[in-house]
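In: How does the following fold in three dimensions:
(chains A, B, C, D, E and F)
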Amino acid sequence: MSKKKDETIEYVKNGKRLDGRGLEELRPLKIEAGVLSRADGSCALEWGQNKVVAAVYGPREALPKHIQNPYKALVNFQYRMATFSVPDRKNPRPGRREMEISKISGEALEKAIFLERFPNTTIDVFVEILDSNAGTRVAALAAASVALADAGIPMRDMVSAVGVGKAGGEVILDLNKDEEDAPDAVDIPLAILPRTEEIVLLQMDGLLRPEEWKKAIALGIKGCKQVYGVQKEALRKKYLEAEKEEAEPNTEAAAHGEGE
Amino acid sequence: MSKKKDETIEYVKNGKRLDGRGLEELRPLKIEAGVLSRADGSCALEWGQNKVVAAVYGPREALPKHIQNPYKALVNFQYRMATFSVPDRKNPRPGRREMEISKISGEALEKAIFLERFPNTTIDVFVEILDSNAGTRVAALAAASVALADAGIPMRDMVSAVGVGKAGGEVILDLNKDEEDAPDAVDIPLAILPRTEEIVLLQMDGLLRPEEWKKAIALGIKGCKQVYGVQKEALRKKYLEAEKEEAEPNTEAAAHGEGE
Amino acid sequence: MSKKKDETIEYVKNGKRLDGRGLEELRPLKIEAGVLSRADGSCALEWGQNKVVAAVYGPREALPKHIQNPYKALVNFQYRMATFSVPDRKNPRPGRREMEISKISGEALEKAIFLERFPNTTIDVFVEILDSNAGTRVAALAAASVALADAGIPMRDMVSAVGVGKAGGEVILDLNKDEEDAPDAVDIPLAILPRTEEIVLLQMDGLLRPEEWKKAIALGIKGCKQVYGVQKEALRKKYLEAEKEEAEPNTEAAAHGEGE
Amino acid sequence: MEKVNEMAADIVLDLRADKVVESVKQGKRLDGRKFDEYRKITIKHNISENADGSARVTLGETDVIAGVKIVPGDPFPDSPKEGSISVGIEFLPLASPLFETGPPGSEETELARVVDRGIRESKCIDFGELCIEEGKKVWVAYIDMYTMNDDGNLFDASSIAALAALTQARIPKLEIEGDSYKIVKGEYAKKLGLARKPLLCTTTKIAGHLVNDACFAEEKAMEARFSVATTEDGYMSAYQKGGSGSFTAKEIDECIDLAFAKAKEIRKLL
Amino acid sequence: MEKVNEMAADIVLDLRADKVVESVKQGKRLDGRKFDEYRKITIKHNISENADGSARVTLGETDVIAGVKIVPGDPFPDSPKEGSISVGIEFLPLASPLFETGPPGSEETELARVVDRGIRESKCIDFGELCIEEGKKVWVAYIDMYTMNDDGNLFDASSIAALAALTQARIPKLEIEGDSYKIVKGEYAKKLGLARKPLLCTTTKIAGHLVNDACFAEEKAMEARFSVATTEDGYMSAYQKGGSGSFTAKEIDECIDLAFAKAKEIRKLL
Amino acid sequence: MEKVNEMAADIVLDLRADKVVESVKQGKRLDGRKFDEYRKITIKHNISENADGSARVTLGETDVIAGVKIVPGDPFPDSPKEGSISVGIEFLPLASPLFETGPPGSEETELARVVDRGIRESKCIDFGELCIEEGKKVWVAYIDMYTMNDDGNLFDASSIAALAALTQARIPKLEIEGDSYKIVKGEYAKKLGLARKPLLCTTTKIAGHLVNDACFAEEKAMEARFSVATTEDGYMSAYQKGGSGSFTAKEIDECIDLAFAKAKEIRKLL
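Out: Residues are numbered from 1 along each chain as shown, chains lettered A, B, ... in the order given. Presented below is the predicted three-dimensional model:
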């Protein structure tokens, strides 16, 4: 809850952060689409120490029936952390934090998907955090977005996400855990539709001045677009592989294709 | 659970109780009907330190369907205490005590309502205790009864309720918390239909002799009738106001009328 | 969890065990069929200190409907322990152990019952442990099997069950609690269809060598057949009594027959 | 052996309830008992060796088991010198086609709490005697009841079973080592003393008549019930009215008289 | 008094939402307010004597209660010298036909956590002052909110209620006896100090327009909402975007300006 | 991309199960494997830095993750000098269209308990070594497993993943300050020693034939399964029979032989 804060650390020195990054530099980001055979779409994402797997099922009939919306598909987003993915073992039962993140992440995806094409259905998005070091919710959202595209769900745009914020007096991109524990830390999870820059997820905690916010949002949008590049590349790679596979059909894959 | 009892207190002295009341005197009782706009009927009640809000919804379709009774409406009573309404913070989850009170309070209302007119429906009665000092269940029932009438639910009679019992060797009306903690305390929540004096709720705990009971029941029925007076007055006042409002229609109220 | 093990005890001495039994000897076993009037079939079983009551309801409609199997009846087995049936008071909520035993015991019964005759139904088997001293799951299964027969459920065969295992270096039948706590204890719950010797339940925990297993399974099958004898005798007795009752009809019993 | 349709079962219950009402109106009960007559009561003690006290009680075909476990626990902050009791019941699904598995419902909760009050408020157990070390450790007596067969009047059957189990209950022997406590398995320090024997007697109102020890079919036909816990020295320690009907004050007085009379008879069996 | 059909209720809500949208497009709100205008706000303090601080807040017909209980608890292992707060809300079913009884849902959880962050991150409470004994005991301030009537904008109403309750909250008097602590009932050591007064202001987006303090019907018509907690000394301590729609960066800036301006007005009422 | 109808999905599963049975009757498996042949096994260690040991295991397309957290906890009263283990699995809904969110079901419980027994009963972990202070504090090793993709034989995949995670697991460094314990984040005292390497091997019975490492379609067609945990020094530490069918004693013997042989091969990969 309350973080132990070391007041003596210099979070930024000569334009470099504790881990050697520049102020506007992302941690290494690796995305792979289509990693699970049973899901309709899936994605593995590594972002610094964060390790995330996302899977999409649907659109499938929403059950029980009384939750169905006759005008559009529901988005059911479930963000969960493995018990061992955090420094202190997490209780296996989903907590309030996971519930809140799931809710707003689902809402963040809604604008991106052509939901009205699939009335009475649900699109289930499951994300599991296997390892963590600050920024897992934006990692989860970025992975979910790729998994949706991998599932062939028709979308207006990707959802690209990044953390932005403040530590040691500077506005910085993609805070890691040490930075999130800074005495003056501000954490701003942000997600946008990269083509229109529409903001679909935005939270903040910490003490922030409006003028700092102006810097942060500009940097955040820049960061989201970098993430967008990696997302697109992952999908391009998957698409090329799929084309290759189609050219050389693979019986083994066919034998396991019942789920799709 | 077990109460700390001070053996040296004189609970009744010269016909006066610790708080200055006579043996057969109620604490101050204030009832207001129609205090919430979304509910079909509602009531705010203050009784000594006790502070209660009741709301009624229905008759509305009972769901899930398999709970429906084709011969009559169900009464679903929910008595709940706010976490801060008691000396030690209450666990927010409903406890066994709240479950028991809810059950018998719902049963106490059944005889008063023409349930057979509304087959397959449920009449939901929600009562929240905001502050407490002994006697909240009878306060809840008195408030619920007014809220039912406010909702226009057809009733045979009000349900009027009071606590009666014993402290310091005397049979007294409307015990407060100090009296409930007396070493010889007996607490008897009682509810009747005031016109016929039929008993619809009756509990007791403590050590009581049959001869004391005879005194207590007579006093209790007297007390219930006093409560009945205040209930009727609250409804009369609401009815007069409603008539006044009808004479001078109010657009603001109309704008919020969708729930009714 | 971890058992306190006394390393100095001689579990077998001159072919006799701590409680005086021979290596291949069962504890006293008593079975009575048809002990509860509301259930469709029932059984009381005492096996050493173990005391078990089993009841069967069904085949009855499986609800909610989506669990129904159009080809066969479901078997819903619920093994539960009373809070006071064990040395340390058991939490009243069903635990993981009870859940596992319920699952595999239900599966053990499936092969014995002509399930395909009762599509869309459930056969509910409830077993309550009132007192325990090692081997309650096999006691439960033996009792359940008799209760099924008592309910008139058509069966291929009984399910007969026994514990077999190792303590003090010897392969022994029907371990009691002292033996289960031996430093080298191995516990093997076993259930078979006695006519074909088909194994329908088999678990083991402890450190066991394959050659010890060969001895154990032979002994276990022998033990199951002894249990089978007692099961048959209980049903024969009930059947004779039922015949007698039919000859001299009893109005009192008739008055309580609504559940059957 | 047919697939029982739930609606069909409901209709059967309604028909039986109608018959009960008709019969009571004519001054008779379907099973021939007088209005204030209990069914045959059996009490079997010590039915579980692992319990610190236990009993099985039948009222006709109604069958309830109670077991007591006395366990070291933490005192409540406002009574550091007192132990406590905890009473629970589970309506086991083996006892009735109408009982389902799940967390305790409102009927179970009501029953357990009424039995609890009858015992607790009678002061039959001296909570001060259950203190192990002031403010640190006390004995908690868990009284857990289970239904085996429900043919009506579970309130009285449970109350008798709970009291019968308590009369047998023994407090375990305790080894104190520094600031930790350890129960010596299978050994006992002494019996749990009972200063009084509070017993609940329930009277139902069927077709305007007061009827004791209602069987299952009679309960389906009742308007309301009233339970009173009485002691051998002339006290009442709990009341509970249940059901959608009502009682007059005069009827309550009759119920009280019945409760004293019936409890006196039952107490002899303990 | 008719049996309300749920589907019928949904249609009514949809129709009202359509009207809201039409009206907003024409620059008007159905109840005549300006886009940035709040409904009448009332704050009533100390509505529960058993609470250590409490308040009831209405925004028009929206009605929320908050109560604070300050209780000794265990410190978190990584902050042995600090107390803490815990914020919860229950959408009581008496407040709306759409609320059901049950464990907290995702909407309740979101609201409670946003109000929590607004308070916690503003550092208005000095957690160090809530230490009783380092590593052993600290004060935990439970802030529990309940909806009484939902006519929209529960976020802001809850935030105001929570802050109003906190401004009144007092820390109980404690008697320390050896290594146990006992609250002296009804006596207090001091007020809970508040260094800042963070308040949440929520702006909704309806038909592309930014609208404050949305009533229930307006919420049904909104695309998205954005909440900002601001302090009197020019800081923001929490953001939360909700809903399926989006905001531009420029709109967010406007929401922030509105939040500072509106919170300043509301703070005067505390 | 079509809306999948559940009934349709069931029919597809039934058809595939029929094909599996036909094929096995002819001595073949649909994917060409021999009856006793496992799919390709991969083991990836240390997949989570925050875990004290972790691994990801694939059996063909079946994909399971296990992580270990070693945490100070209270000893059981009857073994004050011994630490313990706790094994759990969650069938994550991302692994299969048939898995739903919710509390652990009976299949998850069975799997976790069988993996637990295989490890615990093999005595591969010296619980005495997990003692921190007798009667006060011990280490508890939580082994939590998650399914990533279910293409059958989750039992064996989970058992391998759990063992692989344990082989890597390290006991955290502990600072003892008075009577409180604090883990030094990111530092370790030593590896968790493993005296044996118990591995579960599961044989299914399909159309009367014994088949190892059943894929998802084969599991739908199986009559029963039998799992045996074996150690490298010739012991068995757990059995579990599951499913509605039966085994003969002779078949069990074959399953045991297979389990020893297969575990020996798999152990080389660790």
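
In: Give me the contact status of stretch D:124-141 with chain C.
Out: No - counting by CB under 8 Å from any CB of the partner chain, chain C has no neighbours in stretch D:124-141; the shortest distance is 9.4 Å. Using the backbone N, CA and C atoms, a C-beta is placed for each residue, glycine as well.

In: Could you check how far residue D:139 is from residue F:109?
Out: For residue D:139, the distance to residue F:109 equals 33 Å [CB to CB, to the nearest Å].

In: Next: residue A:144.
Out: In terms of CB to CB, residue A:144 sits 29 Å off from residue F:109.

In: Counting neighbours, go ahead and name the busier of these two.
Out: residue A:144 (30 against 21; other CB atoms under 10 Å in any protein chain shown).

In: helix, strand or coil for the more buried one?
Out: Three-state call for residue A:144 (DSSP: H, G, I helix; E, B strand; the rest coil): helix.

In: now residue A:106, nearest residue through space, not along the chain?
Out: residue A:77 (3.4 Å; CB to CB, 6 or more residues apart in numbering or on different chains).

In: I meant to write residue D:266 there.
Out: Going by CB to CB, 6+ apart, residue D:266 has residue D:199 as its nearest residue, at 5.7 Å.

In: At the contact with chain C, which residues of the stretch 151-270 of chain D appear?
Out: So far as CB under 8 Å from any CB goes, the stretch 151-270 of chain D lies against chain C at D:151, D:185, D:215-217.

In: tell me the mean pLDDT over stretch A:157-164?
Out: Stretch A:157-164 shows a mean pLDDT of 98.

In: That stretch near chain E at all?
Out: No - Stretch A:157-164 stays clear of chain E (CB under 8 Å from any CB), getting no nearer than 10.3 Å.

In: how about residue D:167, secondary structure?
Out: helix.

In: Counting neighbours, what do you get for it?
Out: Residue D:167, neighbours per other CB under 10 Å, totals 17.

In: Return the distance of it relative to chain C.
Out: 15 Å (CB to the nearest CB, to the nearest Å).

In: distance of that residue from residue D:192?
Out: 9 Å.

In: Between these two, which contacts overlap?
Out: Counting by CB atoms under 8 Å, 6 or more residues apart in numbering or on different chains, the contacts common to residue D:167 and residue D:192 are residue D:53.

In: Let me know the helix or strand that residue A:107 is in.
Out: Residue A:107 belongs to helix A:96-110 when assigned by DSSP states H and E.

In: for that helix, which positions count as buried?
Out: A:96, A:98-110 (16 or more other CB atoms under 10 Å in any protein chain shown).

In: Which one of these is nearest to residue D:264?
Out: Taking CB to CB as the measure, residue D:264 lies nearest residue A:96 of the buried residues of helix A:96-110, at 55.8 Å.

In: ranges for the helices of chain D?
Out: Assigned by DSSP state H, chain D shows helices spanning D:6-25, D:106-121, D:154-168, D:216-221, D:249-267.

In: can you list the weak-confidence ranges in chain D?
Out: Along chain D, the model assigns pLDDT under 70 to residues D:1-10.

In: again but with the stretch 1-150 of chain A, I slipped
Out: A:1-7.

In: Please enumerate the strands of the stretch 151-260 of chain A.
Out: A:160-167, A:170-173, A:186-193, A:198-208 (DSSP state E, counting those that start in this stretch).

In: closest one to residue F:20 among these?
Out: Short answer: strand A:160-167, nearest of the strands of the stretch 151-260 of chain A by CB to CB, at 43.0 Å.

In: does whichever residue of chain A sits closest to chain B sit in a helix, a strand or a coil?
Out: When scored by CB to the nearest CB, chain A has residue A:66 as its residue closest to chain B, at 8.5 Å. Assigned by three-state DSSP, the conformation of residue A:66 is helix.

In: returning to what we had before: highest neighbour count among the residues of the stretch 151-270 of chain D next to chain C?
Out: residue D:151 (27 neighbours).

In: Contacts only, for that one.
Out: So residue D:151 contacts C:37-38, C:256, D:59-62, D:215-216 (CB under 8 Å, 6+ apart).

In: and those residues as CSV, adding distance to residue E:28?
Out: Listed next are those as CSV, based on distance: CB to CB, whole Å:
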residue, distance to residue E:28
C:37, 72
C:38, 67
C:256, 72
D:59, 72
D:60, 74
D:61, 72
D:62, 69
D:215, 69
D:216, 65
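
In: For PyMOL, what selects the buried ones among these?
Out: Buried members of these can be picked out in PyMOL with the line below, counting by 16+ other CB under 10 Å:
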select buried, (chain C and resi 37+38+256) or (chain D and resi 59+60+61+62+215+216)
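
In: got the contacts of residue D:151 as a markdown table, with distance to chain B columns?
Out: As requested, those are exported to a markdown table (distance: CB to the nearest CB, whole Å):
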| residue | distance to chain B |
| --- | --- |
| C:37 | 26 |
| C:38 | 21 |
| C:256 | 26 |
| D:59 | 23 |
| D:60 | 26 |
| D:61 | 26 |
| D:62 | 21 |
| D:215 | 21 |
| D:216 | 19 |
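
In: Taking the contacts of residue D:151 together, which two end up most distant?
Out: Most distant of the contacts of residue D:151, by CB to CB, are C:38 and D:59, 13.8 Å apart.
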